[in-house]
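In: 3D model of this:
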Amino acid sequence: MGAFLNSLIRQLGRDSGRVITNKVFGDAHAAPVRVIRGAQTPPRVQPSISAQKRQRIANKFDNALNFERDDKPETLVKHLLMVSLLLEEEVESFLNDDYFSPEEAEIAFQMIHRFTKKAESVAKQLSFEEEQNAQWLDKLEQVVVRAKQDFDKLLDRAADSCERMIPVLEQKAAVEGKFNFFKWVLYNTFYMRGYAKTGQLKTVNTVLANLLLPGTQVLMFAIGLLSSPFEYMKYRKIRKTHHQQIVIEKKRAVELRAIAGEIAIE
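Out: You can find the predicted model right below:
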């Protein structure tokens with residue numbers, strides 16, 4: 001096997017393995033959110049990748065990887081090329097659909113790592129008759145180089161997505177985790193508890209309650225006071241959840257940038 005091809009496969013396998021085994025995306029399902037990119041569009045949060053899409057990608061990739069090792073050199077390389085094209089297609093779909101979530105990054109890095117293992121196996125088989133298979137080893141090298149380029153793009157985009165998620169989570173923590181004691185008690189007093197929770201005012205119900213239940217506002221005021229500590233704890237939990245996710249996203253970004261930096265140095 002050519003020295004460059006051997007080195008490239010080892011490096012790609014090592015670095016893709018590092019992303020997976022150091023658990024950068026080990027908690028990818030902790031916060032099922034994705035960030036929409038776009039300079040003109042304010043960051044928003046969308047549902048995570050669906051289980052159906054995850055299974056579809058897994059099935060396609062499994063089928064592509066499932067080819068016999070005892071095929072002819074030409075056939076082996078062609079099979080691996082098809083795997084590479086599928087990998088490139090899925091990576092581009094992740095990067096170009098305005099979303100790139102931790103789950104998508106986790107799937108993509110896993111695919112690259114599995115591709116590398118298969119490429120290593122094919123390269124070893126071809127290297128037994130290196131001179132005879134020289135042209136196919138060269139073509140295999142081209143295929144692996146393309147996968148390496150996909151890996152480099154993923155590292156950069158994954159780190160970028162983590163960093164873009166941080167201000168979104170900070171905003172959510174500030175808005176969704178903010179508890180206003182005075183508003184809570186006031187809204188409870190005048191039968192606007194639902195508005196205090198969701199921001200949606202049911203005007204007719206509120207007016208009727210205040211007209212048909214005169215004098216009960218004092219009771220509702222007391223209920224608002226007594227329930228405020230429990231409501232505060234709910235908002236505190238929301239803030240804590242978002243802050244924990246911020247820490248995770250910062251850690252992901254730092255570790256991904258570190259891997260990318262080490263690759264650039266090499």
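
In: and for stretch 179-194, what are the contacting residues?
Out: 195-196, 200-202, 205-206, 209-210, 213, 217, 220-221, 223-225, 227-228, 231-232, 235-236 (C-beta atoms under 8 Å, 6 or more residues apart in numbering). (Each C-beta comes from the backbone N, C-alpha and C, glycine too.)

In: go with 6 Å
Out: 195-196, 206, 209-210, 217, 220-221, 223-225, 228, 231-232, 235 (C-beta atoms under 6 Å, 6 or more residues apart in numbering).

In: ok, now stretch 54-62?
Out: Counting by C-beta under 6 Å, 6+ apart, E90, M111 sit against stretch 54-62.

In: List the buried residues of it.
Out: Neighbour counts over stretch 54-62 (16 or more other C-beta atoms under 10 Å) mark I57, F61 as buried.

In: Kindly report the same for stretch 88-107.
Out: 90-91, 94-95, 99-107.

In: just stretch 160-175 next, same as before
Out: So for stretch 160-175, counting by 16+ other C-beta under 10 Å, buried means D160, S161, C162, E163, R164, M165, I166, V168, L169, K172, A173.

In: For PyMOL, write the selection for the buried entries among the contacts of stretch 179-194.
Out: To isolate the buried members of these in PyMOL, using 16+ other C-beta under 10 Å:
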select buried, resi 195+196+206+209+210+220+224+228+231
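
In: What distance do you get for K153 to T206?
Out: Distance of K153 to T206, computed by C-beta to C-beta, to the nearest Å: 54 Å.

In: In this protein, mark out all the helices, start to finish.
Out: In the chain, the helices defined using DSSP state H lie at 3-21, 51-65, 73-96, 102-127, 134-176, 181-189, 193-198, 203-212, 217-265.

In: in stretch 246-253, what's buried?
Out: I246, I248, E249, R252, A253.

In: how about the buried residues of stretch 88-107 in CSV, adding distance to A64 and pLDDT?
Out: Listed next are the buried residues of stretch 88-107 as CSV, based on distance: C-beta to C-beta, whole Å; pLDDT from 0 to 100:
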residue, distance to A64, pLDDT
E90, 10, 84
V91, 14, 81
F94, 17, 77
L95, 20, 74
Y99, 23, 54
F100, 22, 68
S101, 23, 73
P102, 24, 73
E103, 21, 77
E104, 19, 79
A105, 20, 80
E106, 19, 82
I107, 14, 85
